[in-house]
Each structure stands twice: as C-alpha cells, then as structure tokens.
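Visitor: Sequence first, predicted coordinates after that:
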2 protein chains.
Amino acid sequence: MTELEQQIKTYFGVLRPDELQTIGNLFKPYSLKKGDYLLQEGRRCDKMSFIQSGLLRVYALADGKEITQWISTPGYFVTDLAGFMLESPSRWTIQALTDAEVSAISRENYKTLTELVPRWNELEKLFIVKCFTIMEDRIFSHLSKTAEERYQFFFDNHREFFNQVPLQYIASMLGMTAETFSRVRKKQLP
Amino acid sequence: MTELEQQIKTYFGVLRPDELQTIGNLFKPYSLKKGDYLLQEGRRCDKMSFIQSGLLRVYALADGKEITQWISTPGYFVTDLAGFMLESPSRWTIQALTDAEVSAISRENYKTLTELVPRWNELEKLFIVKCFTIMEDRIFSHLSKTAEERYQFFFDNHREFFNQVPLQYIASMLGMTAETFSRVRKKQLP
DNA sequence: ATGATTTCTTGATATTTGTCAAGAGCGGGG
DNA sequence: CCCCGCTCTTGACAAATATCAAGAAATCAT
C-alpha cells in the first residue's frame, strides 16, 4: 500500500484494497518549488492535493496583511474545500514554504469517485463534517481562550509544527503577533 | 408550500414539489418553553430541528463560563451538526431563550432521504460545505479583526439580531465581554 | 567559513480589552 | 402601579496584546 493509499484510508475510513488503488491512481504527482503557488485567492480551485513532502501555507490578505489560516504538512490534504466542492472562487492563497512534492486529483476525476466507490458519498460526508468540527473547535478556542492558552493548547497537540514551520506563521494562525508569540513561548518553555 | 418546505428549498437547493413535501412530512412539530433544553452537552443528538418561532441559544461551558457559539432564529435549522451526522456526543447545549415552536426530523428519517430524494447526497454535501465556509469566515474574522470590527461587521450583516436577541449573548458569540460590547456599540451607533 | 537575508527576540510604550463594582433602565407579576 | 429581577451601561482600574524599533540568532547562498 502506498503512502497515499494509507492516508486516504486514514481520512476516508476503511476501503477495500482495490478501491484504495482505484482512488490512488486518480492522483497525479507534481512538484512545487519554494515560493510557488498551488492556488491563488479568487482563482478557481480545480484540484485537491495530498502532500508527500514539504510545507504549504494557506493564507489570505486582510488590510494588506497576510493572515495565515493554516500550515499544511506531509501526510495531509490541502485545498480550498469550498472552492473545490462548490466551484466558487477560492478565498485562500496556497503557497509552498519549501520545495514540495504533492499528488493531486482533479475535480473531474474526483466526481467519478461516486460511481467508482459505492460508499463514497457517505465517506466524503463524514470527511467534510470532520473538517467542520475542526473549525468549530478553533472558533470556540478564540471565544474562550487567551493567546497564551491557545498557544499552549496548540503546542500540546501539534508539537511537530514547532520544528518545521516558521514561528511567525504559527503566530498568525493562532491569532496573535509574532512578538506576543515569542513572549508567550519564552514563558512556557522552561 | 409551507414555510418549512420553503426553507428546505432555500437550504438544499431546487427540489420538485413532491420531493419537498416528502421531506417536509418527515418533520414533526413540537413546542419548547423558555428555558427548555433542545440538547445538552455530552448527550446524543438524534434530531435536526427547524425553528418556526422563538430563539434558541447554542453554547458550551469553558472554565465555568457559558460561551455562546450561536443564536438560532426562526427560519433556520439548529442541531449539533457533528453529533447528528457522526453520532458523536454533542459538544453543545441548546436552550430556548423564549417559548419556541420547532419541527424536527429524527436521524432514522433523515437517513431515508438518500433513497427518497435522488439528489440528496449532493444537496446535503453542499449544505455541509456551506456550514464549513461560515466557520472559516468566522475564524478569519478572529484572526484579522478587532472586537470593534467584528461588532461592526456583524451589525452590518445581522441587524435583525439586535432587536431580538439579548445583547450579552451576541457579545459572547463575537468573542468579547458584555461591557466591551456595550462600549463599542455606543461608539458606533450615533 | 563569510556575508547577506531572514527570522526571532527583547524593550519601551500605546492601545485594546477585561474585571469589578455600582447604578440606570426596563419589563413582568402581583 | 410598584417592586423585583434581569439586562445594559458606565467608570476606574488592571491585564493582555499590539506596535515600533533595535538587536541577536539562525539560515542560506556563495
């Protein structure tokens, strides 16, 4: 089983080996150089990408500032979910922070999954609902936690980010400045 | 066409009259008194409710404080989406702020929709993705806006809330205290 | 390695927001 | 109509966070 098939299984639940292979074969590999854009705000989002290696930053502009919505790491999917599913203009820009290898499925191929895999509709629904709950949790953390608590919670649950990802972007996605992040970090670490 | 059918159409896209009626008939009306719980944190969420009249508050506890996630108003659906779809314990408590009339569909009946309405899977998916994007937008507003800007944006887009809903709950769902809300409001209104 | 970038940290200070406490306004029930 | 409880407002102050500016540390290309 390839890494991609393994990950599809993780995301979409138990599938038969032949189904996994069918899905996996619809993904086409390609490379990104550091600084390349996988997607730009306002453009159509025609694919969903699985990250083999490298880091991708999902962000948008607000008052001229880049607000990082998320950093995507190897083993995960990245796309503008709404743009991909609804064919609406993308609200996010996705840029490679490092050289990256990804595998992408086009919308046309994605649509065929409903016929190729009988349970696809159900699996897809569960996937999207899980994405929804992640967002719900993030909002709740903004409604109920201070910057320091958000930092601590993120650190406890995503320690892997702290070695790989430029800290300024983590700060932005947690809703604080790089300076505040740095100070909170100093307080918590020793 | 009943109000419920009209609203189903708004949420789930164009449906034939007979399909609308089929769906509408699966909803059973019931009443809530002010203070009644439609759902409690940690419990199973076995239904999705459409609000005919009244106000419902969706909240959860954090450090002993009630954090309001949303206020649901007539013409909209209310449920714990993740709990309903994934059969996981509810993360929210839903309580009637006023006497209320709602119509609810049980999970069992909801599951039959896939067979009763051919396009249901697609319509449902679009619905959930829209819910997801609303959450995405809310997070982005927390990452990029001040309390005052969040207030202003919400006021511009949901003026109807300001006549109906106790302001303290709007404050909480915008992520600020009632006092800050009051001061921001004073500044913006004249 | 060396210098040039970029990222991170630190300090001083300003601004925003929260907390606590008190009072004003308002609506419902007797 | 008046009292009671609840909500909203206001003020004084404290705490959290942002901003600006400078310097330290890490990273990268040569």
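Guide: On my side now, so go ahead. Numbers count the residues shown, from 1 in each chain, chains lettered A, B, ... in the order given.
Visitor: Can you tell me which residues in chain A are near DNA strand D?
Guide: Within chain A, the positions adjacent to DNA strand D are A:146-148, A:175-177, A:179-180, A:184 by Cβ under 7 Å from any atom of the strand. In this view, the C-beta of every residue, glycine as well, is placed from N, C-alpha and C.
Visitor: restrict those residues to those near chain B?
Guide: A:G175 (Cβ under 8 Å from any Cβ of the partner chain).
Visitor: from the residues of chain A next to DNA strand D, which ones fall inside helices?
Guide: Assignment to helices by DSSP state H places the following of the residues of chain A next to DNA strand D there: A:147-148, A:179-180, A:184.
Visitor: tell me how far the longest helix seen in chain A is from the chain's mean position?
Guide: Longest helix in chain A, counting residues (DSSP H): helix A:120-144. Centroid separation for helix A:120-144 versus its chain: 13 Å, with Cα atoms, centre = their mean, to the nearest Å.
Visitor: and the residues of chain A next to DNA strand D, which are buried?
Guide: Among those, those classed as buried by 16 or more other Cβ atoms under 10 Å in any protein chain shown are A:147-148, A:175-176, A:184.
Visitor: ok, of the residues you listed, which one's closest to B:T114?
Guide: Distances from B:T114 to these, taken as Cβ to Cβ, are shortest for A:G175 (38.8 Å).
Visitor: so what's the nearest residue to that closest one once chain neighbours are set aside up against?
Guide: The shortest distance from A:G175 to any non-neighbouring residue, by Cβ to Cβ, 6 or more residues apart in numbering or on different chains, is to B:L143 (4.7 Å). B:L143 is in contact with A:62, A:67-69, A:172-173, A:175, counting by Cβ atoms under 8 Å, 6 or more residues apart in numbering or on different chains.
Visitor: Would you check which pair of those lies furthest apart?
Guide: A:A62 and A:M173 (13.2 Å).
Visitor: A:I8: how many residues sit nearby?
Guide: 21 (other Cβ atoms under 10 Å in any protein chain shown).
Visitor: Who's the closest spatial neighbour of it, skipping the chain neighbours?
Guide: Here the residue nearest A:I8, using Cβ to Cβ, 6+ apart, is A:I23, at 5.5 Å.
Visitor: Tell me what angle the helix or strand hosting that neighbour forms with helix A:120-144.
Guide: Assigned by DSSP states H and E, A:I23 belongs to helix A:17-25. Note on geometry: by axes from the mean of the first three to the mean of the last three Cα atoms, to 10 degrees, helix A:17-25 and helix A:120-144 are set 70 degrees apart in direction.
Visitor: contacting residues for the nearest residue to A:G54 once chain neighbours are set aside?
Guide: Among residues not flanking A:G54 along the chain, A:A100 sits closest, at 2.5 Å (Cβ to Cβ, 6+ apart). A:A100 makes contacts with A:31-32, A:36, A:51-56, as judged by Cβ under 8 Å, 6+ apart.
Visitor: Against A:G13, how distant is the residue nearest to A:I8?
Guide: Computed as Cβ to Cβ, to the nearest Å, the A:I23 to A:G13 distance reads 12 Å.
Visitor: Flag every residue of chain A that's near chain B.
Guide: Close to chain B, as judged by Cβ under 8 Å from any Cβ, chain A has residues A:60, A:62-63, A:65, A:67-69, A:81-82, A:85-86, A:91, A:114, A:121, A:124-126, A:128-133, A:135-136, A:138-140, A:142-145, A:172-173, A:175.
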